[in-house]
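[1] sharing a sequence plus its predicted fold:
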Amino acid sequence: MRQETKKHDITVIGGGLAGTCAAIAAARLGRTVALVGNRPVLGGNSSSEVRVWVCGATGHGKNHHAREGGIMGELFVENQYRNPQGNPYFWDTTVLDAVRAEPNISLFLNTDVRSVQTGPGGIESVTGWMMGSEREITFASPYFLDCTGDGLIGHLAGARHRIGREGFAEYGEPWAPPVPDDITLGSTLLFYTKDAGEPVRYVPPSFAKDITRTSIPERRIIKAGDNGCAYWWIEFGGELDTVHDNDRIRDELWSVIYGIWDYIKNSGKFAADTMTLEWVGALPGKREYRRLLGDHVLTQHDVLGQTPFADRVAFGGWSIDLHPPQGMYATEAGAKQRYADGIYHIPYRSLYSVNVPNLLMAGRNISASHVAFGSTRVMATCATIGQAAGTAAALCVSTGARPRDLPAAELQRTLLREDASVIGLPYEDPADLCGTAAATASSTLTRLLVDTPHDRWPLAADAGIVLPVDPVLGGVRLLVDAAADTVLTVEVHDPVLGQNYVPRSLVATREIALAAGEKQWADLGLDWRPPSARNAFVLVRANPAVSLHVADQAVPGVLCFTRVPLRPQDESPQPLREWSDRGLLRRTFCLETGETSAFAPGKALDGYQRPYAGPHMWVSATLPAALEVRWPAPVVVGRIELIADDDVNEDLINLHHHRTPFEVIPTLVRDYRVEVLAGGEWRQVAEVRENRRRRLVHPLDEPVVAEGLRILVDSSNGAPSAHIMAVRAYSS
């Protein structure tokens with residue numbers, strides 16, 4: 001056995017997406033990081049060992065403009081290009097490549113941390129055993145991140161924590177049980193199948209359970225062709241200890257998987273003669289165990305009320321998604337879900353330990369109640385929390401501060417500079433030279449016009465259209481058919497919060513008389529002038545005599561919806577469930593609007609990096625196009641950064657719960673050049689071809705005294721115009 005000691009600025013324990021993003025974030029800020037994981041691959045539950053889809057704030061497309069940015073966003077976009085088939089092994093390599101690209105990260109896989117040494121300042125070191133290499137390694141750092149999921153490091157260090165469900169009296173959460181208990185969400189094993197192309201016999205093992213003697217066939221959906229996360233409901237262990245009873249839970253899950261396959265293959269109820277099992281998981285995907293306590297415990301009220309924390313550093317948007325304790329044997333539905341009206345914020349005070357001074361946490365073990373954890377637990381949300389916690393640790397290293405004493409404003413500014421997922425805050429940094437600049441463009445999209453209909457859309461149900469209002473909503477017309485003379489009722493609603501895309505506050509109602517006829521432009525007579533830029537939700541009431549027309553094109557800043565009924569088990573009201581883009585994704589009702597400033601060149605300098613109460617990006621009218629930035633006096637430019645539009649409304653997923661019909665996001669700029677204006681002459685300092693990324697950093701060979709800079713976009717990846725979210729310049 002070899003005994004070693006490794007010293008780093010920061011030690012991150014846990015190689016899931018939370019730990020991976022935490023390590024990358026800290027390393028990019030110049031800190032040395034030990035990333036320690038007890039599995040042979042990175043990715044945690046998303047890896048090829050477990051194969052859970054990476055879900056997040058989009059809620060499989062229910063939330064809009066909600067896909068995670070920052071490091072998690074980079075992984076999504078890169079995987080989309082590398083791995084369009086959703087191969088779990090290619091996902092492994094995408095995550096591993098991202099870590100190996102950072103020279104400040106030392107990676108220790110197969111290393112199980114088993115002991116923690118503490119002192120007056122908190123954790124002094126942790127020690128792990130590297131399986132297969134017979135190395136006992138002690139990791140010493142001034143700061144530690146517990147990204148283990150189970151909260152093991154915090155537990156060994158004496159951090160205050162919770163296991164199970166709080167009672168109603170503690171936080172007054174409507175979904176909390178009357179009294180506290182130790183019940184958690186259970187664990188799941190998954191399986192993959194394939195068609196072998198010839199008959200395949202299946203002889204079940206002796207431990208396969210006869211599922212016909214259980215409630216499973218009656219209560220759960222079983223299909224011969226389904227596999228992977230379609231069987232998320234194969235869950236067990238909520239009434240056990242999901243850590244100490246892990247082997248018992250695994251054995252029960254195995255017995256049910258092989259029993260389900262016996263039922264599919266041998267019951268005669270399925271066309272599965274040529275189907276075979278391709279892969280069965282051996283490592284239970286845990287959902288819940290310890291939750292470490294911080295200075296704030298996120299609750300159901302914070303999630304559904306979308307609390308606007310002053311120290312927000314990440315966001316979520318998955319439903320509060322709680323499962324019955326009996327898991328797959330429960331007689332009720334496999335999940336109870338409730339969505340907020342849009343994404344919600346996660347505060348920094350939930351990411352550090354309340355009593356271990358140098359410990360931060362990220363992932364499913366953050367400071368949240370059991371009910372709120374039902375939303376924060378999904379992996380893309382855990383990853384954004386990881387970037388926030390890793391960034392905080394890096395800033396603490398530079399100042400020597402305890403995590404609790406780190407100013408939230410400094411953390412937020414750094415996160416925004418790194419293009420991380422913080423919603424509703426503009427990036428304001430004296431170091432960004434573009435803060436004093438003005439922008440112009442060769443062309444700008446100033447009017448929305450969609451006049452190439454592809455299909456009729458009967459108004460059998462209410463329809464909704466989200467439009468940017470900047471500074472006024474007016475001149476709106478819809479292309480309609482009327483089977484008879486009728487009256488079309490239209491309402492304008494204010495979504496109120498900048499991250500919301502559902503109707504919340506009624507602004508105006510209009511009734512438009514329509515004469516019988518086809519393809520007529522109906523003027524909605526709207527004139528809304530809110531005090532600041534925002535979105536409008538235009539609600540078109542159902543009318544059996546009327547059809548809208550829909551075009552097969554996406555339009556910047558516009559979303560289209562149809563209203564669908566809630567299921568009997570869904571709580572009401574729940575507008576995020578009611579307003580669906582089913583059949584309307586990447587499509588737009590044929591419409592025309594008046595002039596808008598929503599896509600003006602200055603939007604690329606306003607500090608916002610993603611949609612919030614408007615698109616917040618420059619969009620050109622045509623291609624090629626140029627965006628030009630000028631300073632009132634010359635400045636020294638050493639680095640230029642662009643944030644391209646990777647369309648965060650597009651719901652990407654690592655193992656493809658659904659397929660997206662392109663490998664590179666169409667709105668991303670593809671071919672472009674960067675020039676600086678120095679001494680009255682334009683000089684090219686960068687050229688990029690075949691870009692597929694969002695954040696684009698161009699360090700100059702030598703700093704330049706410049707009067708301006710410009711981005712010349714030659715082509716996009718499919719969009720008819722140039723989209724740029726932000727332009728920044730720094731002296732170094």
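    Done, it's in.
[2] now do the lengthiest strand in the chain: which elements does it pack against?
    In the chain, ranked by residue count with DSSP state E as the criterion, the top strand is strand 695-716. Taking 3 or more C-beta pairs under 8 Å, 6 or more residues apart in numbering; DSSP states H and E as the contact definition, the neighbouring helices and strands of strand 695-716 are strand 625-644, strand 669-678, strand 681-688, strand 723-730. C-betas here are computed from N, CA, C, even on glycine.
[3] now render those as TSV, adding mean neighbour count, distance to residue 83 and mean pLDDT.
    Output for these, formatted as TSV (neighbours: other C-beta atoms under 10 Å; distance: least, C-beta to C-beta, whole Å; pLDDT from 0 to 100):
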stretch	mean neighbour count	distance to residue 83	mean pLDDT
strand 625-644	19	21	98
strand 669-678	20	20	98
strand 681-688	14	23	98
strand 723-730	24	24	98
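[4] hmm, back to that, pairing partners for the longest strand of the chain, with directions?
    Sheet pairing here is set by DSSP bridges, and for strand 695-716 it gives strand 625-644 (antiparallel), strand 669-678 (antiparallel).
[5] quick one: closest of the helices and strands packed on strand 695-716 to residue 209.
    For the helices and strands packed on strand 695-716, proximity to residue 209 was assessed by C-beta to C-beta; strand 625-644 is nearest, at 51.2 Å.
[6] that closest one to strand 723-730, inter-axis angle?
    Here strand 625-644 points in a direction 80 degrees away from that of strand 723-730 (axes from the mean of the first three to the mean of the last three C-alpha atoms, to 10 degrees).
[7] any chance of TSV for the helices and strands packed on strand 695-716, columns distance to residue 100?
    What follows is the helices and strands packed on strand 695-716, written out as TSV (distance: least, C-beta to C-beta, whole Å):
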stretch	distance to residue 100
strand 625-644	23
strand 669-678	26
strand 681-688	23
strand 723-730	27
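[8] buried stuff in the helix or strand of the chain with the lowest mean pLDDT?
    Across the helices and strands of the chain, the lowest-confidence element by mean pLDDT, DSSP states H and E is helix 216-219, at a mean of 89. Along helix 216-219, these residues count as buried under the neighbour rule (16 or more other C-beta atoms under 10 Å): residue 216.
[9] please compute how far it lies from its chain's middle.
    Counting by C-alpha atoms, centre = their mean, to the nearest Å, helix 216-219 is centred 32 Å from the centre of its parent chain.
[10] swap in stretch 415-423?
    Here the centre of stretch 415-423 is set off from its chain's centre by 13 Å, with C-alpha atoms, centre = their mean.
[11] same deal with stretch 45-58?
    Going by C-alpha atoms, centre = their mean, where stretch 45-58 is centred and where its chain is centred differ by 12 Å.
[12] what separation do you get for residue 445 and residue 56?
    Computed with C-beta to C-beta, to the nearest Å, the distance linking residue 445 and residue 56 is 29 Å.
[13] helix, strand, or coil at residue 388?
    Under the three-state scheme (DSSP: H, G, I helix; E, B strand; the rest coil), residue 388 adopts helix.
[14] excluding chain neighbours, what is closest to it?
    Sequence neighbours aside, residue 313 is the residue nearest to residue 388 in space, at 3.9 Å (criterion: C-beta to C-beta, 6 or more residues apart in numbering).
[15] quick check, pLDDT for residue 367.
    Model confidence at residue 367, given as pLDDT, is 98.
[16] ok, it - contacts?
    Taking C-beta atoms under 8 Å, 6 or more residues apart in numbering as the contact definition, residue 367 lies against 291-298, 349-351, 354, 361.
[17] just to check, residue 612 is in contact with residue 499?
    Yes: contact criterion C-beta atoms under 8 Å: residue 612 and residue 499 qualify, at 6.1 Å.
[18] joint contacts of those two?
    Taking C-beta under 8 Å, 6+ apart as the contact criterion, the residues that touch both residue 612 and residue 499 are 423, 424.
[19] so these two - more neighbours on which side?
    A side-by-side neighbour count of residue 612 and residue 499, using other C-beta atoms under 10 Å, places residue 499 first with 27 against 19.
[20] coming back round to it: list the buried ones in the longest strand of the chain?
    So, applying 16+ other C-beta under 10 Å, buried residues of strand 695-716: 695-696, 700, 704, 706-716.
[21] then stretch 474-481?
    Applying a neighbour-count criterion of 16+ other C-beta under 10 Å, the buried positions in stretch 474-481 are 474, 475, 476, 477, 478, 479, 480, 481.
[22] in a markdown table: those, plus distance to residue 577.
    Conversion of the buried residues of stretch 474-481 to a markdown table gives the following (distance: C-beta to C-beta, whole Å):
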| residue | distance to residue 577 |
| --- | --- |
| 474 | 31 |
| 475 | 32 |
| 476 | 26 |
| 477 | 30 |
| 478 | 25 |
| 479 | 28 |
| 480 | 27 |
| 481 | 29 |
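[23] so of those, which ones are in strands?
    Among those, the members falling in strands (DSSP E) are 474, 477, 478, 479, 480, 481.
[24] next SSE after the helix or strand where residue 489 lies?
    Assigned by DSSP states H and E, residue 489 falls within strand 486-494. Following the chain from strand 486-494 toward its C-terminal end, the next helix or strand by DSSP H and E is strand 505-514.
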